[in-house]
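Student: can you look at this prediction? I've put the sequence above it.
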Amino acid sequence: MCSANPAATRRRRRHTGPVLVLAACATLFAAAPAPVAASEALNERIVHDPYTGLALGGYDPVAYFTDGVAVVGSARHEVVWDGGYWRFANIGNAAAFADAPAVYAPLFGGHCVTSLARGVLQAGDPTRFTIHASRLMFFATAGDAATFAAAPDAVLRQALERWPALAATLSR
């Protein structure tokens, strides 16, 4: 009768863990989506998550107008537009956006309007927003929102003047 070598048994047990981890990683990488093609590169002028490509953190841009609050969109209702993946709470909002994206997309691509007025590129927070002059605008902080509320037309005018130069530094 042949008995197993205890040292070999220990070595096999010791190497089984890393093998299982490598197998699990290989499975994850095989299931990962393919990278975005160069022709479909994400547009930096739109605030988006660099890992998922979700514009506005997945918030529904139409809901700001229809519901007056920030509403998280669903993966079932997604529209690809201008180098970003836009999510919507329902099919009606997705259709409205697809018909007129420039109406619902935030001004300055979701960058903070007050920061732009100061000459700084900063992503806006999708939960801090206003609709002014029929355009959706975001703010990075509560202080930025308060500054805008004190003189909205002046801040907007400064942001509009500075946006072309700042936008030119972002990839499209």
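Tutor: Thanks, I have it. Numbering: from 1, shown residues only.
Student: residue 83 against residue 46, yeah?
Tutor: Yes - A contact is recorded between residue 83 and residue 46 when judged using Cβ atoms under 8 Å, the distance being 6.2 Å. Any C-beta I mention is one placed from the backbone N, CA and C, and that applies to glycine too.
Student: more crowded one of those two?
Tutor: residue 46 (23 against 19; other Cβ atoms under 10 Å).
Student: how near is that one to residue 142?
Tutor: The gap separating residue 46 from residue 142 is 23 Å, by Cβ to Cβ, to the nearest Å.
Student: residue 90 now?
Tutor: As it turns out, when the distance is counted by Cβ to Cβ, residue 90 lies 29 Å from residue 142.
Student: other residues contacting stretch 160-172?
Tutor: Residues lying outside stretch 160-172 but in contact with it, judged by Cβ atoms under 8 Å, 6 or more residues apart in numbering, are 41, 43, 44, 45, 83, 108, 111, 116, 117, 119, 121.
Student: need these in CSV with secondary structure, pLDDT and distance to residue 155, can you?
Tutor: Converted to CSV, those look like this (DSSP: H, G, I helix; E, B strand; the rest coil; pLDDT from 0 to 100; distance: Cβ to Cβ, whole Å):
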residue, secondary structure, pLDDT, distance to residue 155
41, coil, 52, 31
43, coil, 61, 24
44, coil, 73, 23
45, coil, 80, 20
83, coil, 81, 27
108, helix, 93, 12
111, strand, 95, 13
116, helix, 95, 9
117, helix, 97, 5
119, coil, 94, 12
121, coil, 93, 16
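Student: and the residues you listed, which are buried?
Tutor: 43, 44, 45, 83, 108, 111, 116, 117, 121 (16 or more other Cβ atoms under 10 Å).
Student: grab the nearest non-local neighbour of the second one.
Tutor: On the basis of Cβ to Cβ, 6 or more residues apart in numbering, the spatially nearest residue to residue 44 that is not a chain neighbour turns out to be residue 170, at 3.8 Å.
Student: likewise for the third one?
Tutor: In space, and not counting its chain neighbours, residue 45 is closest to residue 109: 4.5 Å by Cβ to Cβ, 6+ apart.
Student: could you count how many residues lie near that neighbour?
Tutor: Burial of residue 109 is recorded as 23 neighbouring residues (other Cβ under 10 Å).
Student: swap in residue 79?
Tutor: Taking other Cβ under 10 Å as the criterion, the count of residues near residue 79 is 18.
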